[in-house]
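Trainee: Have a look; sequence and predicted model below, questions after that.
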Amino acid sequence: MPSSVKKGFAPKTAIWDAIIDELKSTVESRLIEVWIQPLEADMADPSTLLLYAPDQFFAEFVQMHFQKKIKEAIERMGLSLKVKIKSKSENELEQIFEEKVKKSGLLRNLTFENFMKSSSNEYALKWSKFVASYPGRINPLFIVGGTGFGKTHLLNAIGIRALKADTNRRILYLTAGRFVDMVARAVQKRQISKLRDFLSDIDILLFDDFHDLKRKPFMLREFLNIMKSMIPAGKQVVIASRYSLQSMRWLDTSIKSRIQSGVVAYINRADFELRYRIIASYADEFGVTLPENEIEFLARNLKGDNRRIRGAIARIAAFQSLSDNPLSTKDIRHVLSDMLQEPELFVDDVFKSVSKSFRIPVSEIKGKTRRPSAVAARQAVTLILRDTLKLSLKEIGQHINRSHSTVIYTIKNARKRLKSDKTFRSMFTHAVNSLMN
């Protein structure tokens, strides 16, 4: 079996020299001297050999004419190595990008590529990608969602993508807590004007935990001043909050109106599909083997948000490390006994149950058809989402693709129909009972 290179092995002086020697059996010495020996070797990790060319043309020429031969030489030597050929200028750009990421306060691993999309967050994801690609077009973007719903992930993903597109952009990820500290220190040192100039000079401000500015009127005024400075100048402001504007009654109307002039995007509670994928992802991260039925059980029964889910899988991993055998179903449920609850209902469950009881495809319930049977099923879904799952009118509207006023109208008609239409009442009851059992 081919072996990968161990850490600590000197690739530049040993591995690369050995590969060059092996290449001499298939490549002319003149070509090796001109195109191979100028390459500088490094290890990105124990299984990846990086070869740096003097410039981009040189790198592309080597990729086209010699990369395959280098790979074949490595295989003949019994090594298992990936080969990447880059120009030195590419490496310098990567270093500049990584330095800018750190300076911006961004978390490098929170990107759009590893954000788990589902129906519960697709609206917020869509607008986040838009402002990352077109900063200043929609201002501000206000993302609302509970703890662990992915708000911080989206803020960082916006910053990472915008910075990749242009490393000259001045981007700042800032929590409300850090903002309060910065303002307090600036006031103490009588440098508040300097701080205002610094913040207004930012191209993209990613402001997290906005709700933590409650009972801090001075800080709120300072934040409003920042928005007034940045937004008219075409600079992007993205705000994340645990609470909606309506529930933050302590907010000044001037701040509310400024935020409402942009886009408000909600991240709803994770649906079953998303929780299933999150659990499977964390299990893979911690090296825990979970059968499908256990992942499904945990997706329906684990309490809390994504952070608690991660903690639960970490706990399973810890207990599993103490045993030579995988944990049984009984073991897993015992280990997490304090974190489990009654099976949770999800929006998808409601659609499936109503679809089955009313014999209407889910696509028609969500669609625009006014066929009487589809309208009845849509009314049933809307009422169950409101009364059983306790979803807000806005959340319901997003799930059935209807406006706020249409949702109110649909719920009103559904309640009337329950009293007057025996057939509807029977099918509705069947759907609810199927959902609960």
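Mentor: Yep, that arrived.
Trainee: Which helix or strand contains Ile85?
Mentor: Take DSSP states H and E as the rule and Ile85 turns out to sit in strand 82-87.
Trainee: Now do the buried residues in that strand.
Mentor: Buried residues in strand 82-87, defined by neighbour count with 16 or more other CB atoms under 10 Å: 83, 85-87. Where you see a C-beta, it was placed from the backbone N, CA and C, and this is true even at glycine.
Trainee: So the nearest residue to Glu395 once chain neighbours are set aside versus Leu298, what's the distance?
Mentor: Among residues not flanking Glu395 along the chain, Asn268 sits closest, at 5.3 Å (CB to CB, 6 or more residues apart in numbering). Here Asn268 is placed at a distance of 20 Å from Leu298 (CB to CB, to the nearest Å).
Trainee: ditto for Phe97
Mentor: The gap separating Phe97 from Leu298 is 37 Å, by CB to CB.
Trainee: circling back to that earlier point, just the C-alpha atoms of the strand holding Ile85, please, in PDB.
Mentor: Only the C-alpha atoms of strand 82-87 are listed here, as PDB (Å, rounded to 0.1, in the frame of the first residue of the first chain):
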ATOM      1  CA  LYS A  82      -1.700  14.900  -3.800                       C
ATOM      2  CA  VAL A  83       0.200  17.500  -5.900                       C
ATOM      3  CA  LYS A  84      -0.900  21.100  -6.200                       C
ATOM      4  CA  ILE A  85       1.000  23.600  -8.400                       C
ATOM      5  CA  LYS A  86       0.700  27.300  -7.700                       C
ATOM      6  CA  SER A  87       2.500  30.500  -8.500                       C
END
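Trainee: tell me the average confidence for it?
Mentor: Averaging pLDDT along strand 82-87 yields 87.
Trainee: just to revisit the earlier point, list the contacts for the residue nearest to Glu395?
Mentor: Applying CB atoms under 8 Å, 6 or more residues apart in numbering to Asn268 gives the contacts 120-121, 145, 149, 391, 395, 398.
Trainee: okay, it: pLDDT?
Mentor: Note on Asn268: pLDDT of 80.
Trainee: Quick check on it: phi, psi?
Mentor: The phi/psi pair for Asn268 (degrees, to the nearest 10) reads phi -90, psi 170.
Trainee: Show me which positions of stretch 94-110 end up buried.
Mentor: By 16+ other CB under 10 Å, the buried positions in stretch 94-110 come out as 100-101, 104-107, 110.
Trainee: Can you give the distance of that stretch from its chain's centre?
Mentor: On the basis of CA atoms, centre = their mean, to the nearest Å, stretch 94-110 sits 17 Å off its chain's mean C-alpha point.
Trainee: same check, this time on stretch 70-88
Mentor: 34 Å.
Trainee: try stretch 421-437
Mentor: Centroid separation for stretch 421-437 versus its chain: 37 Å, with CA atoms, centre = their mean.
Trainee: what's it in contact with?
Mentor: By CB under 8 Å, 6+ apart, the list of residues contacting stretch 421-437 reads 345, 349-350, 353-354, 356-358, 376, 379-380, 383-384, 388, 417-419.
Trainee: Distance of Leu245 relative to Ala283?
Mentor: Distance of Leu245 to Ala283, given as CB to CB: 37 Å.
Trainee: What of Ala380?
Mentor: 36 Å.
Trainee: if you count what's nearby, which of these two comes out ahead?
Mentor: Ala380 (29 against 18; other CB atoms under 10 Å).
Trainee: Give me the residues contacting the helix or strand hosting the more buried one.
Mentor: Element membership for Ala380 (DSSP H and E) is helix 372-387. For helix 372-387, the external contacting residues (CB under 8 Å, 6+ apart) are 347, 350-351, 354-355, 357-360, 364-365, 367, 391, 393, 395-396, 399-400, 407, 410-411, 413-415, 417-418, 424, 427-428, 431-432, 435.
Trainee: So which bits of it are buried?
Mentor: Applying a neighbour-count criterion of 16+ other CB under 10 Å, one finds 374-386 buried in helix 372-387.
Trainee: and the next helix or strand after it, C-alpha only, in PDB?
Mentor: Of the helices and strands lying after helix 372-387 in sequence (DSSP H and E), the nearest is helix 393-400. What follows is helix 393-400, C-alpha atoms only, in PDB (Å, rounded to 0.1, in the frame of the first residue of the first chain):
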ATOM      1  CA  LEU A 393     -48.100  34.500  10.900                       C
ATOM      2  CA  LYS A 394     -44.900  35.500   9.100                       C
ATOM      3  CA  GLU A 395     -43.400  32.000   9.500                       C
ATOM      4  CA  ILE A 396     -46.600  30.300   8.200                       C
ATOM      5  CA  GLY A 397     -46.600  32.600   5.200                       C
ATOM      6  CA  GLN A 398     -43.100  31.600   4.300                       C
ATOM      7  CA  HIS A 399     -44.000  27.900   4.500                       C
ATOM      8  CA  ILE A 400     -47.200  28.100   2.400                       C
END
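Trainee: Flag the shaky bits of the stretch 51-200 of the chain, pLDDT-wise.
Mentor: Residue ranges of the stretch 51-200 of the chain with pLDDT under 70: 89-93.
Trainee: What is the burial count for the closest residue to Ser118 other than its chain neighbours?
Mentor: Closest residue in space to Ser118, ignoring its immediate chain neighbours: Leu274 at 3.7 Å, by CB to CB, 6+ apart. By other CB under 10 Å, 22 other residues sit near Leu274.
Trainee: got it, and Ser281?
Mentor: Neighbours around Ser281, by other CB under 10 Å: 15.
Trainee: Let me know the helix or strand that the spatially closest residue to it that is not a sequence neighbour is in.
Mentor: Leaving aside its chain neighbours, Ser281 sits nearest to Met116 (7.2 Å; criterion: CB to CB, 6+ apart). Under DSSP H and E, no helix or strand contains Met116.
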